[in-house]
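**Q** What follows is a predicted structure for the sequence shown.
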Amino acid sequence: MSEAMIITSPTTGDDWELVIGLEVHAELATVTKMFSGAPNVFGGEPNTNIDPVTLGLPGSLPVVNGRAVELGIRVGLALNCTVARSTFARKNYFYPDMPKDYQISQFDEPLNIDGFLELPDGQRAGIERAHLEEDTGKSTHQGGDGRIHGAASSLVDYNRAGVPLIEIVGRPDLTSPEQARAYVSELRSILVAIGASDGKMEEGSMRVDANVSVRPVGDPELGTRCEVKNVNSLRSLVRAIEYEARRQVDVIEAGERVHQETRHWDEEHGRTRAGRSKEGAEDYRYFLEPDLVVLDPSAEWIESIRAAMPVLPAERRARLAAAAGVTSAQVALHVERDLDGLALAAIEAGADPGRALNHIEHNLAVDGAGDLDVAHFTALVQLELDGSITPTQAKQVLAEMVEGGAHPEVIAKAHGFEAMSTADLESIVDGVIAASPAEWDDFVNGDDKTRGKLTGFFVGRVMKSSQGKADGKAVTALLNQRRAGV
Amino acid sequence: MSGSDGSGSASLAAAPPMGTAATIAAGVRSGELSARVVIDAHLAAIEAREPHVHAFNLVLADEARTAADEIDRRVAAGDDPGPLAGVPVALKDNLCTRGIATTCSSRILDGWQPPYDATVVQQLAAAGAVAVGKTNLDEFAMGSSTENSAFGPTRNPHDPSRVPGGSSGGSAAAVAAGFTPIALGSDTGGSIRQPAALCGVVGLKPTYGLVSRYGLIAFASSLDQIGPFATTVADAALLLDAIAGHDPMDSTSIPGPVPSYSTTLDRGVAGLRIGLITQLMGEGIAADVAARVRQAAEALEAAGATVGEATIPAIEYGLSAYYLIAPAEASSNLARYDGVRYGLRVDAPTTAEMMTATRTAGFGAEVKRRIMLGTYALSAGYYDAYYGKALKVRTLIIRDFAAAYEQFDLLLSPTSPTTAFRFGDKTADPLSMYLNDVCTIPTNLSGDAAISVPFGTGDDAMPIGVQVLAPALGEVPMLRAASVLEAAAPTPGIAVLGEVVR
């Protein structure tokens, strides 16, 4: 999964490697805003979840939301960071989205420093810092091309202004778009698991900026990076990084150099577009926010937060993997979909681990397990294991178990699912062979490809004759036995 | 005594018509005095002389009468409206008042009405005080003369050809003209104490964090502090009692209970060690002012204090550090006045041009000067040399004061280097105006407390103020010393206060 991506130039044949660092902004799941009592809720009529502090009205003052700090510390602990004495600073720039024309953020003394994220395959990606800040409002530009320049008029909604954010700055440790996807996916699982954020990329409550650069394979020097913004899904993230990396290779191979800049992902056209150049970067004139005091969480508080932390995905994977006798990577999906509890309980109740994990991964991961009873699930796995029902039948039974909650034996009986005797199966198989002599001749004497195709043909015929009661694997085995003259 | 004809330099100074805040509150609470009668008397004084003083941006006559009637009704019903029952108070026009225009004497806030009251405004209402108006100031509290007000200057009631000081010149003048017995101002570099000194009234800058800043429109957040003006030290203490204390809406507000300031005033200074700050007694300090300060030191000694010489070596860099730190914070605090949400908007084709046009039209010259200074001081490549270095000086000043307060309980200095100057004397040269704050700025940088007490007059018969400085939360001994000075003060020129008020 986490192979480094190598881009081989179609023109020169040179190999290039990617260096990716992600900055993730997540809205914290607090009741009120970062520095005021205005509600922190998504949506709502424009400019309804506001108060004097949200609007930065003259004379208003920020007060730090203790719950936001607690959630911020949880994020830090979950990412193996050191929780530090921290301060807030003002980041000054004029923008109509931002009520005070400065953003209160943590600058040189962030809440959390030096941690790592353990990816599902066990690799670690470094976390430089995870700090608190406030979100901005949202502008809608009317007329022109929908951007601020050239717009006839602009409307601003400050409902989102002041919503607490945690910015998680990853080190440039990632080497492929897929690894970046795994990082964000894992981070989202952690944030949701610890109750810090709902992690909804599509609603913008989790936003990912990707710093991407390329360099010749093995070169220790970092290339010039571009920051790709406006990536609204995991799929977009993978596409955007790959596009951007290939673009940079093309630029360099054309004899030009990559400009350090912000680029916006254009989902519709599948490309990144230049935004503002970082070389003419704004000077944010950071200075210590004089309206706030030092944030110095006591060791007791940090420990009480640590003690109340739920089990994190990495630990859950390790537990399930150990119980099932597989690797952590093999149970990543089970944990991601919150189905590891079911798997673990079924295995502990005696279910065959391989079949239990298999059912969860293929038959439950998409729509979930509903109120599936662990004992019933365990019984189903056992029915399949002892051959009472076929895997195909088991899948159908499982779907009805999730829907209606009945015991698998009851459902299997209602459908007339039962194991076929070997004699019955042999008789059907032999009948099908006899009915298609030309195909059988090709099956016996043809090459592997032909045989593969015809296996499907014969299994399908047998399934039809047996009204789906036959076990596909058993049929294949029997066909091969007959071919060998047994 | 009254300058109702407003001509020439005839004094407009007067004692408040119904005596001190303490007297009024006692009368109203006991039912002997009608709050409405009190308010009407003060409104009459305002009507008579305000056109010549221009202390107010806005007089709240109707609101004040309604509030006074309500207080009378409550007293009649057996309620106690509070320790400032029926006392008229003037509010500096950078304190937010719900539904009432709050301008900072700037065009940029044109038409804006805050949807909330500042914490101090709520506290005053809860104590029974009645707001009678919003007072003039240097735009956004940037100045030492009120000449930087967008609505025209305030005149010094003692001599209308002279400035009242600033930036809280309107509040100081309101009290000196007898419009209200007490007023609130804000002090970032001396903006309460210096006008108090120039107008012959008491002005107190509390310890940073003692009084909530919520609803005070920020100039320089780490330096701003709200405080009282009064005709007597006792009234200043009474007003401080009403506004001191923790406010959860201000993160820099000091937690914990506060002592009573008004009941501990009369304990004298016997045994207190008081240091005269030598650096503030030499060059740049007018001889008549220095003489009054020495006289004040002798008075304190006569009352049982020991007086010595104190040195604050870093004080000579205070002014420079202040004029980097305050503008730096101001450049950020004033960014929000961009025409997008409230106040003035000058339309232009793009958002950026609209912001520029609005700020160009809405801010006065001194505000623009400080925004530019502050922006420069914080800019990449200059931060370390300017803002960063200023912060280091601030740390040195804090250390120097801490060391001085190991030897002394209180410090003493002039409040202002000179008596009130004439209009236009210093407007051409910003630096000469800035030098006016040299005695007051160090206390803002250290975050400590200080009070200016009237102590006689200068060679020009204008009031002189003596400054008593105290360590953080040293208001109680500071007010005791101020009381002693008040009792010992020579009063020619402002005898009107001495006769009527005491």
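**A** Alright, I've got the coordinates.
**Q** ok, the most centrally placed residue in chain B to chain A distance?
**A** The centre of chain B sits closest to B:Ile192, judged by CA atoms, centre = their mean, with a distance of 2.0 Å. Per CB to the nearest CB, to the nearest Å, B:Ile192 is found 18 Å from chain A. Yep, even glycine has a C-beta here, placed from its N, CA and C like the rest.
**Q** That residue contacts B:Gly203, doesn't it?
**A** Yes. Between B:Ile192 and B:Gly203 there is a contact under CB atoms under 8 Å: 4.3 Å.
**Q** got a list of what residue 257 touches?
**A** In the absence of a named chain, this looks at chain A. Contacts for A:Arg257 (CB atoms under 8 Å, 6 or more residues apart in numbering or on different chains) come out as A:Thr224, A:Val251.
**Q** my bad, chain B
**A** Counting by CB under 8 Å, 6+ apart, B:Pro257 touches B:Gly245.
**Q** and it, that's in a helix?
**A** No. B:Pro257: not assigned to a helix; according to DSSP: H, G, I helix; E, B strand; the rest coil it is coil.
**Q** Distance of it relative to B:Tyr214?
**A** In this view, B:Pro257 and B:Tyr214 are 19 Å apart by CB to CB, to the nearest Å.
**Q** And A:Glu261, by the same measure?
**A** 42 Å.
**Q** if you count what's nearby, which of those two comes out ahead?
**A** Under the criterion of other CB atoms under 10 Å in any protein chain shown, the comparison of A:Glu261 against B:Tyr214 puts B:Tyr214 first, with 26 against 18.
**Q** Give me the common contacts of B:Ile192 and B:Gly203.
**A** Shared contacts of B:Ile192 and B:Gly203 (CB under 8 Å, 6+ apart): B:Ser168, B:Ala172, B:Gly185, B:Gly227, B:Pro228, B:Phe229, B:Ser452.
**Q** so the closest residue to the first one other than its chain neighbours, which of the three states?
**A** When you say that, I think you mean B:Ser168. Among residues not flanking B:Ser168 along the chain, B:Gly185 sits closest, at 3.0 Å (CB to CB, 6 or more residues apart in numbering or on different chains). Here B:Gly185 is recorded as strand under three-state DSSP.
**Q** Under the pLDDT cut-off, which ranges of chain B? List them.
**A** B:1-9, B:491-502 (pLDDT under 70).
**Q** Where do the strands of it begin and end?
**A** B:56-59, B:88-92, B:130-135, B:182-187, B:202-205, B:225-230, B:273-277, B:306-310, B:410-414, B:449-457, B:463-470 (DSSP state E).
**Q** Same check on the stretch 51-200 of chain A?
**A** Assigned by DSSP state E, counting those that start in this stretch, the strands in the stretch 51-200 of chain A fall at A:82-83, A:89-92, A:102-105, A:112-118, A:124-134, A:138-142, A:153-157, A:164-170.
**Q** which of those is buried the deepest?
**A** strand A:164-170 (a mean of 25; mean count of other CB atoms under 10 Å in any protein chain shown).
**Q** I'd like to know which elements that strand is packed against.
**A** Judged by 3 or more CB pairs under 8 Å, 6 or more residues apart in numbering or on different chains; DSSP states H and E, strand A:164-170 is in contact with strand A:15-27, helix A:66-78, strand A:124-134.
**Q** So which elements touch the second one?
**A** With contacts defined as 3+ CB pairs under 8 Å, 6+ apart, the packing partners of helix A:66-78 are strand A:82-83, strand A:112-118, strand A:124-134, strand A:164-170, helix A:177-193, helix A:299-307.
**Q** For that helix, list every residue counted as buried.
**A** Buried residues in helix A:66-78, counted by 16 or more other CB atoms under 10 Å in any protein chain shown: A:Arg67, A:Ala68, A:Val69, A:Glu70, A:Leu71, A:Gly72, A:Ile73, A:Arg74, A:Val75, A:Gly76, A:Leu77, A:Ala78.
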